[in-house]
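> Prediction below, plus the sequence it came from.
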Amino acid sequence: MKPSSTEVHQRISRISAHLYPSNPQMGEGSMLERANCRAKGGAPGFKVAILGAAGGIGQPLAMLMKINPLVSVLHLYDVVNAPGVTADISHMDTGAVVRGFLGQSQLEDALTGMDLVIIPAGIPRKPGMTRDDLFKINAGIVRTLCEGIAKCCPNAIVNLISNPVNSTVPIAAEVFKKAGTYDPKKLLGVTSLDVVRANTFVAEVLGLDPREVEVPVVGGHAGVTILPLLSQVKPPCSFTQEETEYLTKRIQDGGTEVVEAKKGAGSATLSMAYAAVKFADACLKGLRGDAGVVACAFVASQVTELPFFASKVRLGRTGAEEVYQLGPLNEYERIGLEKAKKELAESIQKGISFIRN
Ligand SMILES: NC(=O)c1ccc[n+]([C@@H]2O[C@H](COP(=O)([O-])OP(=O)(O)OC[C@H]3O[C@@H](n4cnc5c(N)ncnc54)[C@H](O)[C@@H]3O)[C@@H](O)[C@H]2O)c1
Ligand SMILES: O=C(O)C[C@H](O)C(=O)O
């Protein structure tokens, strides 16, 4: 018997809901058209969610992740504008299937089944502010998002970008501990922008191509906690005291340099998206089982007496599988390390107390 038009419509809606779960950009007309497509889905690759995907970092980050061949499914979540960004990015002729999720009621759908969750949600600095000034608002945002992760994708690798990273990573760890899902290997504070900047500024001083330069940056992600190890630059080189001081200060103040240049319109977004994708790509290569994937990140650590510290880590199938020691430091770096640890200890404690108290 021929199905009625209502039955046909219901069937098409069911198929469409399967292909595009919770996709707020879909109108009924587009559902009909898309249900008739021969979409296969299921290309090999990883499922990645970006939380804060409509923001200054989120949008270019989403675009770059859509290009990444290791990504099969890309979930874009935000409390505003997610449908527009999703519609836009979904037209790119690359492999990843893009789905949009808008508002708290769709957070769980956005997170379910994800292998990697990248979090650039939260407010950015304006001139005159420190990253710690963002704590009041961003701490609560990170807590809510991490509660969602603990519930819906507790095994996902988390790349936390929201500032102040020195406190938001301890917040995330406490949320996961409370939920009984904490795996220290899977929680990574993103400090790759410090490395990207360090490579660029050091290459400038040495007259080299930045792609040939590798600078380890350890400690944390704010002011004096950002500690470039210029004695360990590759290719091996030496700096005068003047160069060392100039480079250390420029790397530590890189974020402020952008905040001031943007005159109230936010902080680094484009270089951050680039740095976040570099780091996310390393995490995905680790998940795939590639050997020798190493990057700097702010992680649970026994490298110093502090519970969290940024250093080089080896990324593997289960996240940060090895946290490397700092290696030999010169006198200038040893003094810098002491300053960094003092500030870091307070920021870490502030994050922990936010959840415990
Ligand atoms: N780790 C780093 O190296 C680094 C570098 C640059 C910026 N940042 C930080 O990244 C954060 C974002 O910066 P931005 O320039 O993209 O800011 P932005 O204001 O342009 O974008 C933030 C986005 O987060 C969204 N958002 C707010 N609350 C949310 C919630 N509860 N759930 C989901 N999304 C939510 C907003 O709607 C917005 O789209 C800031 O905290 C900034 O300081 C970190
Ligand atoms: O400086 C900021 O506030 C943003 C970010 O942490 C950066 O380093 O650019």
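Here it is on my side, so go on. Ligands and ions are numbered 1, 2, ... in the order given.
> Contact residues of the chain facing ligand 1?
51-52, 54-58, 78-80, 120-125, 134, 138, 141, 144-145, 161-163, 165, 190, 193, 221, 266-269, 272 (Cβ under 6 Å from any ligand atom). The C-beta positions use only the backbone N, C-alpha and C, and glycine is treated the same way.
> Mind doing that once more with 5 Å?
With the criterion set to Cβ under 5 Å from any ligand atom, the chain comes near ligand 1 through 52, 54-57, 78-80, 120-122, 124, 141, 161-163, 165, 190, 193, 266-269, 272.
> just the buried members of the residues you listed?
Buried by 16 or more other Cβ atoms under 10 Å: 52, 54-57, 78-79, 120-122, 124, 141, 161-163, 165, 190, 193, 266-269, 272, out of those.
> now, which of the residues you listed lie close to ligand 2?
267-268.
> Give me the subset of the buried ones among the residues of the chain next to ligand 1 lying in helices.
141, 165, 193, 272 (DSSP state H).
> Kindly reformat those as CSV containing pLDDT and distance to Gly180.
Shown next, in CSV, are these (pLDDT from 0 to 100; distance: Cβ to Cβ, whole Å):
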residue, pLDDT, distance to Gly180
Ile141, 98, 22
Val165, 98, 24
Leu193, 99, 32
Met272, 98, 32
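> what's the most distant pair in those residues?
Ile141 and Leu193 (19.6 Å; Cβ to Cβ).
> Which of the helices and strands in the chain ranks last by mean pLDDT?
One helix or strand of the chain scores below all others by mean pLDDT, DSSP states H and E: helix 5-19, with a mean of 44.
> Who are the contact partners of Cys283?
Residues near Cys283 by Cβ atoms under 8 Å, 6 or more residues apart in numbering: 116, 157, 159, 188, 315, 319.
> So the first one sits against Leu51, correct?
No - Leu116 sits out of contact with Leu51 when judged by Cβ atoms under 8 Å, with a separation of 11.4 Å.
> So for these two, which sits in the more crowded spot?
The neighbour comparison of Leu116 against Leu51 (other Cβ atoms under 10 Å) goes to Leu51, with 33 against 23.
> beta partners for that one?
Note on Leu51: beta-bridge partners by DSSP bridges are Tyr77.
> Quick check: phi and psi at the residue nearest to Val97 when sequence neighbours are not counted.
Among residues not flanking Val97 along the chain, Val73 sits closest, at 5.2 Å (Cβ to Cβ, 6 or more residues apart in numbering). When quoted as degrees, to the nearest 10, the phi and psi of Val73 stand at phi -130, psi 130.
> Check Val73 and give its pLDDT.
The model reports Val73 with a pLDDT of 98.
> Surely Pro236 is within a helix?
No - read with DSSP: H, G, I helix; E, B strand; the rest coil, Pro236 is coil and lies in no helix.
> where does it fall, phi/psi-wise?
Here is the backbone geometry of Pro236 (degrees, to the nearest 10): phi -50, psi 140.
> residues contacting it?
With Cβ under 8 Å, 6+ apart, Pro236 has no contacts at all.
> what about the helices in this protein?
Assigned by DSSP H, the helices in the chain fall at 5-19, 28-35, 58-67, 82-90, 107-111, 135-152, 165-179, 192-206, 241-252, 254-262, 270-288, 331-356.
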